[in-house]
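K.L.:
I would like to see how this sequence folds:
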Amino acid sequence: MPENPYLNVLVTAALTVVFIIVTSYLLGALARWVMKARGASLKVQENTFAGYFFAAPWIVGFLIFVVVPLGFSLYWSFTDYRVTSRDPANWIGLENYTNLLFKDDSFRASIVNTLYLTVIGLPLQMAAALFLAVMLNQKMRGERVFRMGFYLPVILGFNTAVLLCWRLMLNTGTGIINQLIRSVSLSFPPFGYLTRGLIFIQEITTAFFLGINSGKFSLMTKVIEAGFPAANRVPLWVQSPLWTKMSVILLMVWGCGAMMLIFLAGLNNIPKELHEAAEVDGATSWQRFWRISFPLLTPYIFYNLVVGLISSLQIFEPIFVLYRDNQPIVSSAISMVYYLWQKSFSHFEIGYGSAISWVILVIILVVTVVQFKLQDRWVTYDIY
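P.N.:
Numbering: from 1, shown residues only. Predicted coordinates for the structure are as follows:
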């Protein structure tokens, strides 16, 4: 290869284009040969060639970048393979899986932390999305501006720059969120009592989950003995292990715009005649929502639940950016995927990391299958 980096890029791009054209032609020719062997007409053979020729870039890319890595990952999960070692992968059978499931306390802690984010964070995220969808479904001036504003977090995503901004905003002393909490608490004392009560409940709950991880509940005992928080107390978002998971949940709720759009589409698909008939019968707004809108939204709730569960079980970016360089408290927020990254790309234990990835895959598959099995009990498709 030439030493000029710009020329390297051009040569690589040219070789990539040639590779795509050649593999596309070969795949199309193979498909045409198969159809010819089956006795298909010349026109069918040509159509088959054209179809596979244009679909080949995706098919070849899927094979190279998905199927082949999956095969290597599955093989490595049964080996002791470390990229920092010159030794080849050593086959150890099921040892990685037995250590992971029965001996690794850190992985157990990551499961508990992920369970916390899923059980508490996902319902809050879906509730916020549904609330915003109901509000935006009301005909009002500037509704498109509000829709764009609430969907903007989805466009921004969990990229590093946005998460670093959140890290600054969540700072205990100088962060704008705690400054707003202090200001509102001083001007409206009932809000301060409510905030302190929520802080007390949140810290007890998190201390209980941390006790499950370590097997010791001394931290929860200290929180209870400390009693009701003082008047000037604010959440320690990124400074205390009692608040790391709630910080991630806050970001999950902030990014509920995609779910909101799904719910909004569902609300718009509900026939207006049903609400008009209920209103004539004297039903209140809450009764119309609970008796008509909510049952008919269950297919959309089911979709958001499936997608949200998969997303929460794979959460990684907020934990990585917010707590990666804060080792004393990162263990309180570590998720399964973060633990996978830690083992694979920090400790370079590729075999063990591959085993973690397959365990996560099995967990997601089991959870998804269970959801589909149970949907007939509560999802209503009658009107669709």
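
K.L.:
how about the strands of the protein, start to end?
P.N.:
With DSSP state E, the ranges of strands along the chain come out as 79-80, 90-91.

K.L.:
give me every residue that touches residue 165.
P.N.:
Applying C-beta atoms under 8 Å, 6 or more residues apart in numbering to residue 165 gives no contacts. In this view, the C-beta of every residue, glycine as well, is placed from N, C-alpha and C.

K.L.:
On the pLDDT front, check it for me.
P.N.:
We have a pLDDT of 89 for residue 165.

K.L.:
still on that earlier bit, reformat the strands of the chain into CSV and put distance to residue 69 next to each item.
P.N.:
Output for the strands of the chain, formatted as CSV (distance: least, C-beta to C-beta, whole Å):
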stretch, distance to residue 69
strand 79-80, 15
strand 90-91, 19
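
K.L.:
Skip the chain neighbours and tell me the closest residue to residue 76.
P.N.:
Nearest-residue entry for residue 76: residue 354, 4.2 Å, with adjacent residues in sequence omitted and distances by C-beta to C-beta, 6 or more residues apart in numbering.

K.L.:
and the gap between the one you found and residue 336?
P.N.:
Counting by C-beta to C-beta, to the nearest Å, the gap from residue 354 to residue 336 is 14 Å.

K.L.:
Now for these two: what residues contact both?
P.N.:
Common contact partners of residue 354 and residue 336 (C-beta under 8 Å, 6+ apart): none.

K.L.:
just the strands of the chain: most buried one?
P.N.:
strand 79-80 (a mean of 18; mean count of other C-beta atoms under 10 Å).

K.L.:
Give the other helices and strands that the lengthiest helix in the chain contacts.
P.N.:
For the chain, the helix with the greatest residue count under DSSP state H is helix 5-37. Secondary-structure packing of helix 5-37 (3 or more C-beta pairs under 8 Å, 6 or more residues apart in numbering; DSSP states H and E): helix 42-62.

K.L.:
The helix it packs on - contacts with which helices or strands?
P.N.:
By 3+ C-beta pairs under 8 Å, 6+ apart, helix 42-62 packs against helix 5-37.

K.L.:
Quick one: mean pLDDT over the helix it packs on.
P.N.:
92.

K.L.:
For that helix, buried residues please.
P.N.:
Within helix 5-37, the residues that count as buried by 16 or more other C-beta atoms under 10 Å are 23, 24, 27, 28, 31, 32, 35.

K.L.:
quick one, what contacts residue 289?
P.N.:
residue 134.

K.L.:
Mind doing that once more with 6 Å?
P.N.:
Contact analysis of residue 289 by C-beta atoms under 6 Å, 6 or more residues apart in numbering lists nothing.

K.L.:
Okay, residue 57 and residue 28: tell me how far apart.
P.N.:
According to C-beta to C-beta, residue 57 stands 11 Å off from residue 28.

K.L.:
Do you know the pLDDT at residue 1?
P.N.:
52.

K.L.:
re the thing from before, what's the angle from the longest helix of the chain to helix 42-62?
P.N.:
In terms of direction (axes from the mean of the first three to the mean of the last three C-alpha atoms, to 10 degrees), helix 5-37 departs from helix 42-62 by 140 degrees.

K.L.:
what about stretch 89-102, start to end distance?
P.N.:
23 Å (C-alpha to C-alpha, to the nearest Å).

K.L.:
and that stretch, how far from the chain's centre?
P.N.:
Its chain's C-alpha centre and that of stretch 89-102 lie 27 Å apart, by C-alpha atoms, centre = their mean, to the nearest Å.

K.L.:
What of stretch 190-201?
P.N.:
Centroid separation for stretch 190-201 versus its chain: 29 Å, with C-alpha atoms, centre = their mean.

K.L.:
Name the helix or strand of this structure that has the lowest mean pLDDT.
P.N.:
Ranked by mean pLDDT, DSSP states H and E, the weakest helix or strand in the chain is helix 327-330, scoring a mean of 76.

K.L.:
Which residues does that one contact?
P.N.:
Contacts for helix 327-330 (C-beta under 6 Å, 6+ apart): 241, 244, 323.

K.L.:
Next, find the distance separating the most centrally placed residue in the chain from residue 352.
P.N.:
Central residue of the chain (C-alpha atoms, centre = their mean): residue 311, 2.4 Å from the mean position. Computed as C-beta to C-beta, the residue 311 to residue 352 distance reads 25 Å.

K.L.:
With residue 326 instead?
P.N.:
According to C-beta to C-beta, residue 326 and residue 352 sit 24 Å apart.

K.L.:
Those two: which has the busier surroundings?
P.N.:
residue 352 (25 against 14; other C-beta atoms under 10 Å).

K.L.:
ok, now which ones touch that one?
P.N.:
With the criterion set at C-beta under 6 Å, 6+ apart, residue 352 makes contact with 96, 343.

K.L.:
Tell me the confidence at the closest residue to residue 333 other than its chain neighbours?
P.N.:
Excluding its sequence neighbours, the residue lying closest to residue 333 (C-beta to C-beta, 6+ apart) is residue 244, at 3.7 Å. What the model reports for residue 244 is a pLDDT of 89.

K.L.:
since we're on residue 244, how many residues are nearby?
P.N.:
27.

K.L.:
May I see the domains of the protein written out as residue ranges?
P.N.:
The chain is divided into the following domains under automatic domain parsing: 5-76, 102-172+236-377.

K.L.:
So what's the predicted local confidence for the spatially closest residue to residue 313 that is not a sequence neighbour?
P.N.:
Leaving aside its sequence neighbours, residue 313 sits nearest to residue 364 (C-beta to C-beta, 6+ apart; 5.6 Å). Listed pLDDT for residue 364 reads 95.

K.L.:
Please report how far residue 364 lies from residue 99.
P.N.:
For residue 364, the distance to residue 99 (C-beta to C-beta) stands at 21 Å.

K.L.:
Ok, residue 62 next?
P.N.:
Separation of residue 62 from residue 99 (C-beta to C-beta): 32 Å.

K.L.:
That's all I had, so thanks and see you.
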